[in-house]
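In: Got a predicted model here, sequence first, then my questions.
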Amino acid sequence: MLEVENVTTRFRSRRGVVHAVNGVSFRVGSSEIVGIVGESGCGKSATIRSVLGLIQPPGEIVGGRAVFDGTDLLAIPAGALRRLRGSEIGFVAQNPFGSLNPILSVAAQFHNLIVAHRGRLSRKQTRDMALQALQSVGISGPERVLDGYAHELSGGMAQRVVIGMATVLGPRLLVADEPTTALDMTIQRQILDLLQDLVRKRERSMILVTHDLGVVAQYCDRVVVMYAGKVIETGPTAQVFARPAHPYTQALLGSVPRRGEEIGILAGRVPSLIDYPPGCAFSNRCVHALDRCARIVPASRPVAGEDGWNVSCHLVSGDADPLSREEDVRAHRAG
Amino acid sequence: MKAIRIIGKRLLLIPISVFALVTLCFALVQIIPGDPAITVAGSYASPQEIARVRTELGLDRPWHERYLAYVGGLLQGDLGRSLFTGRPITSELARRVPATLQLITLALLVSWILGLSLGVAGAYFRGSWPDRVTRGMITVLQSVPDFLLSLLLIFVLYFMWQLAPAPVGQLGLSSFTPGPTGFLLIDTLLRGDMATFLQALHHLMLPVLSLGIVYSAYLGRVGRSSMTKAMQSRQVEFARACGLPEWRVVQYAFLEARAPILTYTAILFGALVGGASITETIFAWQGVGQWGLESILKVDIPVIQGVILVSGMVSILVYLFLDVLVMLLDPRVRYE
């Protein structure tokens, strides 16, 4: 359904070029929920914004492909991509209050959204569509919500309205960027359950960006772990969580508090995205780092015997595959 | 409803503002240097003559007596008479206020169109070349003094190309007597005098352009900064993520950005009632600002007070109008 390949996005800033997204690849199958996890600033949001064409200057996509149903989203004209957004690909943002226009009524925002994709429709027609959408996201009394404004809604209600707008035109892919971070704990689960429901019942797919590993474990079929603008491990959630291959994934899972266990603490800091390190970006924090880790970028290689489970680490692939070690040595000599 | 309560409260503040304005207006004139008695009597007058003039004008009375007399007069709609011409200030203002309001309203309209186009374009193309070009234009416009631009426009558009009439006031030679509103454009239309209407419009061209271009720099700046902020807001990103066309995205941003722009326009309007004096003088406009400038040079105290009072009153009313407008436009203030 969506194949992201080698997407690279940079931001020019006063202090230098920020390497926000560095050759990110992952795929989302149909009827699949894929979680993208990582610390703040690891390029999760920049990745999905690159795919959706929402990167604004001084940001720039310098390479890669994002093929959605046979169309490379990064190669088509801006107007064509705009028509896909909202109708074929729905977006749910982090802060529901920030997402809605503060001046226009909810009904007017639905109207503008629908006529942007479906052409001239009457207020009555768009209102009916909006009513249906609001009912499908579990809003009781949708008439009142439609005539109201963003500031009159509670956080959970506002996010439901946003999800209603993202799904009103029946998109096949939903992209949710930390949809529950700004909400109460009690509301978080309701919203995630709602999203899951909307995806599973209508055979849609979803990319769920989060920094909450518990959310990934519960809702996602597959997981993409990002670090410093790179995908370092990706695979089926169950396998990755049971036997994480990359030391960073291991550390990340180790930092989840569990009863009767000590919380693992990951020492060190994320490398600067401006002076991007030449080798593995995680090598400065990795307790198992080898000599070559700081020099040579590890390629993404399948974890032995597992379909769709890939990891970018010298420790894993290097040991499993003697050929790659020779490559490393050759590269070392050449360097 | 909350809106009516807020408007009511704002209206209650008006008498207090007006009282403060009247008092300040009186006090300011007391402390400005210069003795009107000397200017009225002439520089060769003897001390006895000056003393006589001072008594005549009532300037020898203590300040609180003069203040009470002044306020008393105001309450009866009497602003006094000019020390030099002896003409009542109210009738003079009735002629000059419409001339100035007509000029600055049209000038601000030009500033809005020009300034906001520059500002919005700059904000939309932030960081790329249209932004740098518009920013450069705004900076140049802001550093051009209004009198220089007026003279330049007169030289090019009147003297060289003859596209505009000579800077001889609102109409030049004409038998048209204004009325009933005093606004030339409205009066001519009301009476169906198209020839004079066009003539008035033609005479408005240069002063409106000078003021409009100079003040477009300010609106450009405000427009640029508030639109830049709005364009980076999450609601604008969500609008884009919903696939709204770019013009609609800009509209969403402008809805969020317009409040400071409207407020700034009100401030400019208030400032220009008395502040367009140099442009008015250059074009012999016979407006409020020009009159104020002349009377300050002559220390014509009642006229100075009248001009300050009128520009203050216009400011108070315009602020009130804009406060209410901004509130009615924003649902967050409207209900609650």
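Out: Cool, got the structure.
In: My read is that A:L113 contacts A:R85, right?
Out: No - counting by Cβ atoms under 8 Å, A:L113 stays clear of A:R85, with 10.5 Å between them. No exception for glycine: its C-beta is placed from N, CA and C like everyone else's.
In: Name the residues contacting each of the two.
Out: Here A:L113 and A:R85 have B:242-243 as joint contacts, going by Cβ atoms under 8 Å, 6 or more residues apart in numbering or on different chains.
In: OK, contacts around the residue of the stretch 51-200 of chain B found nearest chain A?
Out: When scored by Cβ to the nearest Cβ, the stretch 51-200 of chain B has B:G127 as its residue closest to chain A, at 4.6 Å. Counting by Cβ under 8 Å, 6+ apart, B:G127 makes contact with A:57-58.
In: what kind of secondary structure is it in?
Out: Of the three states, B:G127 takes coil under DSSP: H, G, I helix; E, B strand; the rest coil.
In: For chain B, see how far away A:L73 is.
Out: 13 Å (Cβ to the nearest Cβ, to the nearest Å).
In: try A:E233
Out: For A:E233, the distance to chain B equals 28 Å [Cβ to the nearest Cβ].
In: At which residues are the strands of chain A located?
Out: For chain A, the strands defined by DSSP state E occupy A:2-13, A:16-28, A:33-37, A:59-68, A:71-72, A:89-92, A:173-177, A:205-210, A:222-227, A:230-236, A:301-302, A:310-311.
In: In TSV: these, plus mean pLDDT and mean neighbour count.
Out: Shown next, in TSV, are the strands of chain A (pLDDT from 0 to 100; neighbours: other Cβ atoms under 10 Å in any protein chain shown):
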stretch	mean pLDDT	mean neighbour count
strand A:2-13	92	19
strand A:16-28	91	21
strand A:33-37	95	25
strand A:59-68	92	17
strand A:71-72	93	14
strand A:89-92	95	26
strand A:173-177	95	24
strand A:205-210	95	24
strand A:222-227	94	26
strand A:230-236	91	24
strand A:301-302	84	17
strand A:310-311	89	24
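In: Need the ones you listed in JSON lines (columns: distance to A:T167).
Out: As requested, the strands of chain A are arranged in JSON lines below (distance: least, Cβ to Cβ, whole Å):
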{"stretch": "strand A:2-13", "distance to A:T167": "17"}
{"stretch": "strand A:16-28", "distance to A:T167": "17"}
{"stretch": "strand A:33-37", "distance to A:T167": "15"}
{"stretch": "strand A:59-68", "distance to A:T167": "17"}
{"stretch": "strand A:71-72", "distance to A:T167": "21"}
{"stretch": "strand A:89-92", "distance to A:T167": "5"}
{"stretch": "strand A:173-177", "distance to A:T167": "7"}
{"stretch": "strand A:205-210", "distance to A:T167": "11"}
{"stretch": "strand A:222-227", "distance to A:T167": "22"}
{"stretch": "strand A:230-236", "distance to A:T167": "26"}
{"stretch": "strand A:301-302", "distance to A:T167": "35"}
{"stretch": "strand A:310-311", "distance to A:T167": "31"}
